[in-house]
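K.L.:
I need the structure of the sequence given here:
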Amino acid sequence: MKFLITVPTLLLTAVCLFAQVSNVRVQQRTDGSLMVDIYYDFSNPVVFDMEIMGMQASNDNGATWDLDCVSLTGDIGAEVTFGTDRHIVWDFYADNPGMSGDQFKVRLLYYLFDFMIGNDGTVYKTVKIGDQWWMAENLRETKYNNGVEIPVITDDYEWEHCYSFNRAARCVYNHDESNADTYGYIYNGHAANNSKIAPVGWHLATDDDWKELEMFMGMTQAQADEFGTRGTDQGAKLKSITSWDSGNGNNITRFSAIPGGYRWTRGNFSSLGEMTVFISSYITEYVNNSLCFTRRIKEGADGIERMSEFSVMGGYIRLVKD
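P.N.:
Numbers count the residues shown, from 1 in each chain. From the prediction side, this is the model:
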């Protein structure tokens, strides 16, 4: 039986907000087709390399935003032109046959993407989240920005004993170079905290950078300052929508965290498909830079772990724009 979709309160949420998205209107056609028309005005004085308009829908008055809405045409996706009365057509019945109710909402999401050129000349996609520009993929650099090679260490004993001289090191999961294309390189804390790991204008995501991101996604300051698993759904907002063995994310931020595992302090690899570890700044209270902050995002968990790890721990790197 066909029914009228009601949107009692239109919720407009602009994640990575920069553009002006306004005057959003939603209406169902009266011809019984269940086609839904969404109109909005779109203006932005600054044009970036890539801009994507997205939409999410809810059937529980905004408690969750996972209602299928993929049958979309019109001013949606990449390269939407600025102007008034932009128009999206949603084939509701194609996505949600037989569904009825009066708790439907839609929200438009606008994403800004740009690019960063790494030390090796690699081009990386970046995304604006709140007031920060983040890499939207993991680092795959083999050199510092002065041209010096970042040492590759494959031997487990040698990896473990990098602590003796605060030795920087990198590797790839299971020493399979093809994994670098998918997950990026694994770096220990000493490589990550070398200021030359980033091209000019960028830096390793510090503990404070991570906290700012987490609080933008809804954590309180008190939660962000804790160690261990914190938050509610912030991890899900960072996780990619595929690749996890279980519990994919919604990637609402377009951060696209993928489960590349990690290299433990003794040199063994673990948790591919299940977890990712991001290396962050040194914990300066400890002598010889022996510990650094990390963030862990895991399958089956929607929070984010804040940890202190030995600086010979191997994980992935995200950079933030200065």
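
K.L.:
all strands of the stretch 51-200 of the chain, in order?
P.N.:
72-74, 77-78, 83-91, 105-117, 123-129, 132-135, 170-171, 186-188 (DSSP state E, counting those that start in this stretch).

K.L.:
In CSV: these, plus mean pLDDT, mean neighbour count and distance to residue 319.
P.N.:
Where C-beta positions appear, they are placed from N, C-alpha and C, glycine not excepted. Converted to CSV, the strands of the stretch 51-200 of the chain look like this (pLDDT from 0 to 100; neighbours: other C-beta atoms under 10 Å; distance: least, C-beta to C-beta, whole Å):
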stretch, mean pLDDT, mean neighbour count, distance to residue 319
strand 72-74, 94, 15, 33
strand 77-78, 77, 12, 24
strand 83-91, 92, 16, 33
strand 105-117, 83, 20, 7
strand 123-129, 93, 20, 8
strand 132-135, 96, 21, 5
strand 170-171, 98, 24, 15
strand 186-188, 98, 28, 12
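
K.L.:
could I get the ones you listed as JSON lines with distance to residue 310?
P.N.:
What follows is these, written out as JSON lines (distance: least, C-beta to C-beta, whole Å):
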{"stretch": "strand 72-74", "distance to residue 310": "47"}
{"stretch": "strand 77-78", "distance to residue 310": "43"}
{"stretch": "strand 83-91", "distance to residue 310": "50"}
{"stretch": "strand 105-117", "distance to residue 310": "29"}
{"stretch": "strand 123-129", "distance to residue 310": "28"}
{"stretch": "strand 132-135", "distance to residue 310": "24"}
{"stretch": "strand 170-171", "distance to residue 310": "16"}
{"stretch": "strand 186-188", "distance to residue 310": "9"}
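
K.L.:
Scan the chain for its longest helix.
P.N.:
The longest helix of the chain (DSSP state H) is helix 207-216.

K.L.:
quick revisit: out of the strands of the stretch 51-200 of the chain, nearest to residue 273?
P.N.:
Closest of these to residue 273 is strand 186-188, at 15.0 Å (criterion: C-beta to C-beta).

K.L.:
Mind giving me the packing neighbours of that closest one?
P.N.:
Applying 3 or more C-beta pairs under 8 Å, 6 or more residues apart in numbering; DSSP states H and E, we find strand 186-188 packed against strand 170-171, strand 260-263, strand 314-315.

K.L.:
Could you identify which of those strands is most buried?
P.N.:
Stretch with highest mean neighbour count among the helices and strands packed on strand 186-188: strand 314-315 (a mean of 28; mean count of other C-beta atoms under 10 Å).

K.L.:
For the residue most central in space within the chain, give me its contacts.
P.N.:
Centroid-nearest residue in the chain, with C-alpha atoms, centre = their mean: residue 255, separated by 1.5 Å. Applying C-beta atoms under 8 Å, 6 or more residues apart in numbering to residue 255 gives the contacts 127, 129, 134, 136, 237, 238.

K.L.:
farthest pair in these?
P.N.:
136 and 237 (13.3 Å).

K.L.:
which ones are touching the nearest residue to residue 117 once chain neighbours are set aside?
P.N.:
Here the nearest residue to residue 117 in space, its sequence neighbours aside, is residue 123; by C-beta to C-beta, 6 or more residues apart in numbering that works out to 5.8 Å. Contacts for residue 123 (C-beta under 8 Å, 6+ apart) come out as 115, 116, 117.

K.L.:
Just confirm the last one contacts residue 201, I think it does.
P.N.:
No - in this structure residue 117 lies outside contact range of residue 201 using C-beta atoms under 8 Å: 10.0 Å.

K.L.:
what number of residues lie near residue 54?
P.N.:
Look at residue 54: counted by other C-beta atoms under 10 Å, it has 16 neighbours.

K.L.:
Please read off the pLDDT at it from the model.
P.N.:
We note a pLDDT of 81 for residue 54 in this prediction.

K.L.:
now residue 49
P.N.:
In this model, residue 49 carries a pLDDT of 53.
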